[in-house]
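Sequence first, then the predicted structure:
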Amino acid sequence: MLKTKSFPSVFETNTTELVDVADGLLEGLKVQVDDEQYVVGDLALREGTAPHKGINNAPSDLDYRLLLRAGLLVAQAGGADTPLTLTTGFPYSSYRVHRRSAGNLIEGEQEIEFDGRPFGEGEHSIVGVDIADVEVLPEIEGHVTATREGEIEEDDPFFAVSLGYGTFESVLSLPSGPVQRTATSGHGLRYATSMMAERLREKHYLDMPTEHQIDMAMRRGTVVAGRQRYDLSELRQKVLRIYYNDVVSPALKKAFDDSDFGQTRKMYLAGGGALYTELVDAFDDEFGEVLSLEVVPDPAAHVSRGFALHAAGVNGKSPDHAVGLDLGNANTSVTLFDRERA
């Protein structure tokens, strides 16, 4: 059985002494990189003033290195056995560029420095995480692997569509493997949230909200401005429909032809965007008569779960060594194999 821990992919520099402000490590991440301390995830949202996120970062970027260390810390605390076999990924459009540098960055002994005081531990803590094997895949392959080898156990051909914050991706998956011709990447949900932010600023003073705050307001369907709460459901429906019509639908029309639809009757949606019923309805309007449309269980963690299943398939050891790490633009998800209990 798989278990996934996730935290928001946001961070902020912080040198404040934070003591006993979180229930555990996941809620109290304060990680050191290049002699600077950063609050990460939920702690950044609670204690930071303007926590921010990066979009589709390269392995050399601070954002990537910081979230990587935080993710490894969560994996180590979650009980993963070392040496780890870790699988992670990048959008299809960039994974060839980054896979070698990411592998070189991750593989080997990682020494992670963090401040444990936010959740009741020591001020300066160091843990070592030994990573023996690293696999870097296109993120859409994580979706396919989770759909075929995970809870769904799909054996037939299907269209895989992943609706992430930074990118959306899709591919036709056959039992023999993906059809490379159909693989596509496009703008993610950030397109819709940026549009929402512009329209909100036309009517309300939003007190300099960060990109993550706009993203969260869109998820909740409400925003507070001038100490008044406003319903965003109508605006959310509008920007998501525009996003689908302007970005998603044209890309899928270009990627999939009639011969592809002749090979399958199924489409599986994953990623955080699959949690929006407005977006799922747009897919159903276009494909409902020709395909069976299904949102995968726990869509935001689906790619990470596929990465963990892939890692377990290549490490040659117990699945307890396998880790799937999805450094997403909205959330970072760490998936391990839960130990069997007697």
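Thanks, I have it. Not measured: the values here are computed from a predicted model. Numbering: from 1, shown residues only.

The closest residue to Gly122 other than its chain neighbours: what's it in contact with?
In space, and not counting its chain neighbours, Gly122 is closest to Gly116: 5.0 Å by Cβ to Cβ, 6 or more residues apart in numbering. For glycine as for every other residue, the C-beta is placed from the backbone atoms N, C-alpha and C. Counting by Cβ atoms under 8 Å, 6 or more residues apart in numbering, Gly116 makes contact with 25, 28, 122-123, 125.

Go through those residues and give me the one with the most neighbours.
Highest neighbour count within the contacts of Gly116, by other Cβ atoms under 10 Å: Gly28, with 26 neighbours.

what separates the residue nearest to Gly122 from Leu29, distance-wise?
10 Å (Cβ to Cβ, to the nearest Å).

So which bits of the least confident helix or strand in the chain by mean pLDDT are buried?
Sorted by mean pLDDT, DSSP states H and E, the helices and strands of the chain end with strand 222-225, the least confident at a mean of 83. Neighbour counts over strand 222-225 (16 or more other Cβ atoms under 10 Å) mark 223, 225 as buried.

Now the element after that strand, going C-ward?
Per DSSP states H and E, strand 222-225 leads on to strand 228-231 as the next helix or strand towards the C-terminus.

other SSEs contacting the next helix or strand after that following strand?
Elements were assigned by DSSP H and E; along the chain past strand 228-231, the next helix or strand is helix 233-243. Using 3 or more Cβ pairs under 8 Å, 6 or more residues apart in numbering; DSSP states H and E as the contact test, the elements touching helix 233-243 are helix 190-203, helix 277-287.

Using CSV, list the CA coordinates for the longest one.
Backbone C-alpha positions of helix 190-203 (Å, rounded to 0.1, in the frame of the first residue of the first chain) are rendered in CSV as follows:
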residue,chain,number,x,y,z
ARG,A,190,-1.5,29.2,-13.9
TYR,A,191,-3.0,30.6,-17.1
ALA,A,192,-6.4,30.6,-15.4
THR,A,193,-5.3,31.9,-12.1
SER,A,194,-3.4,34.8,-13.8
MET,A,195,-6.5,35.7,-15.6
MET,A,196,-8.5,35.6,-12.4
ALA,A,197,-6.0,37.9,-10.7
GLU,A,198,-6.3,40.4,-13.5
ARG,A,199,-10.0,40.5,-13.3
LEU,A,200,-10.1,40.7,-9.5
ARG,A,201,-7.7,43.7,-9.5
GLU,A,202,-10.1,45.5,-11.9
LYS,A,203,-12.7,45.5,-9.1
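
ok so, going back, how about the helices and strands packed on helix 233-243 in TSV, adding mean pLDDT, distance to Ser333 and mean neighbour count?
Below are the helices and strands packed on helix 233-243 laid out as TSV (pLDDT from 0 to 100; distance: least, Cβ to Cβ, whole Å; neighbours: other Cβ atoms under 10 Å):
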stretch	mean pLDDT	distance to Ser333	mean neighbour count
helix 190-203	89	18	17
helix 277-287	97	20	17
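
how about those helices, which one is nearest Glu135?
Glu135 lies closest to helix 190-203 among the helices and strands packed on helix 233-243, at 26.9 Å (Cβ to Cβ).

Give me the distance between Gly288 and Leu66.
42 Å.

Likewise for Ile55?
For Ile55, the distance to Leu66 - Cβ to Cβ - is 14 Å.

Which one of those two is surrounded by more residues?
Leu66 (24 against 13).

Low-confidence bits of this structure, can you list those?
Across the chain, the ranges flagged by pLDDT under 70 are 205-209, 315-317, 340-342.

tell me what the longest strand belonging to it is packed against?
Assignment by DSSP state E gives strand 125-138 as the longest strand of the chain. Under the contact definition 3+ Cβ pairs under 8 Å, 6+ apart, strand 125-138 sits against helix 62-77, strand 84-90, helix 95-106, strand 108-114, helix 302-314.
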